[in-house]
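Peer 1: Prediction below, plus the sequence it came from.
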Amino acid sequence: MSIRGTEIKIEGLSQRYPTRKVPTFNRVDLVSPPGEALAIIGRSGCGKSTLLHILAGITKGTEGRVLLNGTEVHGPSPRWVMMFQAPHLYPWMTVNENVGVGLTFARWGKKEIAERVAEAIRLVELQDFAQANVQDLSGGQQQRVALARSLVMEPELLLLDEPFSALDAFTRGALQKDVRAIAKRLGFNIVLVTHDIDEAVIMADRAVIMAGSPGDIVHEMDVILPDPRDRADPEVQKLRTRLMNTFQEAANYKKPELSLAAGV
Amino acid sequence: MNFAATLTRQGGFLMLARHTAQRLAWAAGGLSILAVIWLIAGQLMMSSPRLANYSTFGLGPTLQAFPEMWASGKIQNATLASGYRLGSGLLLAALIGVPLGILVGRIKWFAAYSNSPFQFIRMVSPLAWMPIAVLVFATWNGSIIFLIAIASLWPVLFATAAGLAKVDPSWFKVARNLGANPLQMLTKIIMPAIAFDVFSGFRLALGVAWIVLVPAEYLGVTSGLGYAIEDSRETLSYNHLTALVMTIGVIGYVLDSILMMLIKHFSWHRGGAA
């Protein structure tokens, strides 16, 4: 599989709902270089999921635009694929068929699909289950199928909306490390939305904190750690504490400060 | 692990074989009881001078009628004629019912508007349409096919709509995310997701259609199983009449079993077909 990343540019993005006085977020600017794993952290309701949905082209922003390698996002595309909280697999398809479904939409040949699917299934280590009924898999395995289904499209950008929050801690930890390792190996970008500080530290190269009403990016922090990252590593814990403190400070932050945007 | 899988598979096969054998035994047992009751009733009729004229209704004469009716082509011709009407009616019901069902299941305002008229028309007995059908259609065949279609339409339509209502909306979201166009959404996601419900609807429809077919053929037409029964009654060949009734039962049973198999095949719900 050959995947390159993409440069993500969010320019002056706002989202307003007619029923609400305050915009969900207002004029958000954000740049992420090719191959970066970016975590957007924030409390529920800060607009981080909406931001991700706009990045994926599933929702439209009220103002501003999203550019991926210079091309404006107008709708969903196999180039930027989203993974949701639940795997949402098709229960009438085998693991193989689920993984290849995006390629059948793109009218690929059977042989090419089989090859790409086999590769994606190897990446998520589900070789033994290729012919299985997805309903027989555990939650973690199902989420791995969903990951393979996204990877098979060779996206430039993988968007993750709290993708492992429904899994047990052990499976979640393993998947977080695996997804990061695969992304680094293949070179695609990750934008991860989460309220789990640990997840951000394990998976991301950089974390931005969203808070306030309207929501805005109030802080950002580089997560520079060697791979593979281990939760028990003192360096990881130190960074985790720092990010946690910053997050708590930022979460208490009240009014949008214009000076902050200028300072970043 | 392979060994364990083989064991499970063998275990599964054995269980399936035992299950099938048990079901066949039940079916054979039940049918034998029916045959015995029929046999006794035939004997009673024969021994009563008042009912002796009708003794050809019995099991023995009925079974004897089969070879001669087969040789003369009566059973085959009647089955073919009825099968054509049934097939055409069901096909029409599917061609109209499935798309309408998808609209009802997918589009809220369509469901809201159509619910009352659909429920109203559905409640009209299919046979009550007969006089209107005869007026509207030039041929008897046409009116019978119409009756079967209108009787089978509702189970197909409502089963399709109910199936679609159960579909997880995220399946559409994921498919759109992976680049599905509307046609692919229909053929790769919607159809397989609801095939089970659609075939369950067909199964109900077949039951109704099969019931409507025979009385519909009592009138006008000169072919088909209904006509053949009426003809046998008029010519007092009661053993032919019962043989035809048996044929109707057997064909209905076989068609229902085929649909059951299709339902099982397309069922992705855990625990098999409902």
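Peer 2: Now that the structure is in, tell me what you want to look at.
Peer 1: Can you get me a residue count around residue 205?
Peer 2: In the absence of a named chain, chain A is used. 20 (other Cβ atoms under 10 Å in any protein chain shown). (C-beta placed from N, C-alpha, C; glycine too.)
Peer 1: meant chain B, my bad for not saying
Peer 2: When neighbours are counted by other Cβ under 10 Å, B:Ala205 comes out with 26.
Peer 1: just checking, next helix/strand downstream of the host helix or strand of it?
Peer 2: Per DSSP states H and E, B:Ala205 falls inside helix B:191-217. Next in sequence after helix B:191-217, counting helices and strands by DSSP H and E, comes helix B:225-234.
Peer 1: And the strands in the stretch 51-200 of chain A?
Peer 2: Along the stretch 51-200 of chain A, counting by DSSP state E, counting those that start in this stretch, strands occupy A:63-68, A:71-72, A:80-83, A:157-161, A:189-194.
Peer 1: Quick one: closest of those strands to chain B.
Peer 2: strand A:80-83 (5.4 Å; Cβ to the nearest Cβ).
Peer 1: so what does the closest one touch, helix or strand wise?
Peer 2: Secondary-structure packing of strand A:80-83 (3 or more Cβ pairs under 8 Å, 6 or more residues apart in numbering or on different chains; DSSP states H and E): helix A:48-56, helix A:139-151, strand A:157-161.
Peer 1: Any idea which of these gets closest to B:Tyr227?
Peer 2: helix A:139-151 (56.4 Å; Cβ to Cβ).
Peer 1: quick one: is that closest one near chain B?
Peer 2: Yes. Using Cβ under 8 Å from any Cβ of the partner chain, helix A:139-151 reaches chain B at A:Arg149.
Peer 1: what's that helix in contact with?
Peer 2: Helix A:139-151 has contacts (Cβ atoms under 8 Å, 6 or more residues apart in numbering or on different chains) with A:1, A:81-84, A:87-89, A:95, A:98-99, A:101-102, A:117, A:120-121, A:123-126, A:129, A:134, A:137, A:158, A:163-164, A:166-168, A:171-172, A:174-175, A:179, A:182, A:186, B:178.
Peer 1: cutoff 6 Å now
Peer 2: A:81, A:83, A:87, A:89, A:95, A:98-99, A:120-121, A:124, A:126, A:158, A:167, A:171 (Cβ atoms under 6 Å, 6 or more residues apart in numbering or on different chains).
Peer 1: what does stretch B:154-172 give?
Peer 2: Stretch B:154-172 has contacts (Cβ under 6 Å, 6+ apart) with A:88, B:93-94, B:97-98, B:100-101, B:104-105, B:122, B:189, B:193-194, B:197-198, B:200-201, B:204-205.
Peer 1: Using PDB, write out the CA atom coordinates for that stretch.
Peer 2: The C-alpha trace of stretch B:154-172 is given here as PDB (Å, rounded to 0.1, in the frame of the first residue of the first chain):
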ATOM      1  CA  TRP B 154     -49.800  -5.300   0.500                       C
ATOM      2  CA  PRO B 155     -47.700  -8.000   2.300                       C
ATOM      3  CA  VAL B 156     -44.800  -7.200   0.000                       C
ATOM      4  CA  LEU B 157     -45.100  -3.400   0.400                       C
ATOM      5  CA  PHE B 158     -45.500  -3.400   4.200                       C
ATOM      6  CA  ALA B 159     -42.800  -6.000   4.700                       C
ATOM      7  CA  THR B 160     -40.400  -4.000   2.600                       C
ATOM      8  CA  ALA B 161     -41.200  -0.800   4.400                       C
ATOM      9  CA  ALA B 162     -40.900  -2.500   7.800                       C
ATOM     10  CA  GLY B 163     -37.500  -4.000   6.800                       C
ATOM     11  CA  LEU B 164     -36.200  -0.600   5.800                       C
ATOM     12  CA  ALA B 165     -37.400   1.000   9.000                       C
ATOM     13  CA  LYS B 166     -35.200  -1.400  10.900                       C
ATOM     14  CA  VAL B 167     -32.100  -0.600   8.800                       C
ATOM     15  CA  ASP B 168     -29.300   1.100  10.800                       C
ATOM     16  CA  PRO B 169     -29.000   4.700   9.300                       C
ATOM     17  CA  SER B 170     -25.300   4.500  10.000                       C
ATOM     18  CA  TRP B 171     -25.000   1.900   7.200                       C
ATOM     19  CA  PHE B 172     -25.900   4.700   4.700                       C
END
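Peer 1: and it, which residues are buried?
Peer 2: B:154-164, B:167, B:171-172 (16 or more other Cβ atoms under 10 Å in any protein chain shown).
Peer 1: residues in contact with the spatially most central residue of chain B?
Peer 2: Among the residues of chain B, B:Leu206 comes closest to the average C-alpha position under Cα atoms, centre = their mean, at 2.4 Å. Listed by Cβ under 6 Å, 6+ apart, the contact partners of B:Leu206 are B:Leu255.
Peer 1: Relative to B:Ile75, how far out is it?
Peer 2: With distances taken as Cβ to Cβ, to the nearest Å, B:Leu206 is found 20 Å from B:Ile75.
Peer 1: now B:Arg176
Peer 2: From B:Arg176 to B:Ile75 the distance is 53 Å (Cβ to Cβ).
Peer 1: So if I had to pick from the two, which one is more boxed in?
Peer 2: B:Ile75 (21 against 18).
Peer 1: Just give the nearest non-adjacent residue to the more buried one, would you?
Peer 2: Using Cβ to Cβ, 6 or more residues apart in numbering or on different chains and skipping residues adjacent in sequence, the residue nearest B:Ile75 is B:Met69, 5.0 Å away.
Peer 1: secondary structure element for the one you found?
Peer 2: helix B:59-71.
Peer 1: What mean pLDDT does the very next helix or strand once past that helix get?
Peer 2: Downstream of helix B:59-71, the first helix or strand assigned by DSSP H and E is helix B:74-106. Averaging pLDDT along helix B:74-106 yields 93.
Peer 1: relative orientation of helix B:74-106 and helix B:59-71 in degrees?
Peer 2: Computed by axes from the mean of the first three to the mean of the last three Cα atoms, to 10 degrees, the angle separating helix B:74-106 from helix B:59-71 equals 90 degrees.
Peer 1: Enumerate the positions of helix B:74-106 that are buried.
Peer 2: Quick answer for helix B:74-106 (16+ other Cβ under 10 Å): B:74-75, B:78-79, B:81-82, B:85-86, B:88-90, B:92-94, B:96-98, B:100-105.
Peer 1: helices or strands up against that helix?
Peer 2: helix B:140-165, helix B:191-217, helix B:225-234 (3 or more Cβ pairs under 6 Å, 6 or more residues apart in numbering or on different chains; DSSP states H and E).
Peer 1: hmm, back to that, sort the buried residues of stretch B:154-172 by pLDDT and name the bottom one.
Peer 2: Out of those, that is B:Val167, at 87.
Peer 1: Give the helix, strand or coil label for that residue.
Peer 2: Of the three states, B:Val167 takes coil according to DSSP: H, G, I helix; E, B strand; the rest coil.
Peer 1: And A:His219, by the same measure?
Peer 2: strand.
Peer 1: Next, count neighbours for it.
Peer 2: 19.
Peer 1: how about the residue nearest to it when sequence neighbours are not counted, secondary structure?
Peer 2: In space, A:His219 comes closest to A:Ile209 once its chain neighbours are excluded; the distance is 4.4 Å by Cβ to Cβ, 6+ apart. Secondary structure assignment for A:Ile209 (three-state DSSP): strand.
Peer 1: Can you report how many residues lie near A:Ile209?
Peer 2: Per other Cβ under 10 Å, the neighbour tally for A:Ile209 reads 28.
Peer 1: what pairs with it across the strands?
Peer 2: Beta bridges link A:Ile209 to A:Ile41, A:His219, judged by DSSP bridges.
Peer 1: Return the residues of chain A in contact with chain B.
Peer 2: Within reach of chain B by Cβ under 6 Å from any Cβ of the partner chain, chain A has these residues: A:Pro76, A:Pro78, A:Met82, A:His88, A:Pro91, A:Trp92, A:Gly102, A:Phe105, A:Ala106, A:Gln135.
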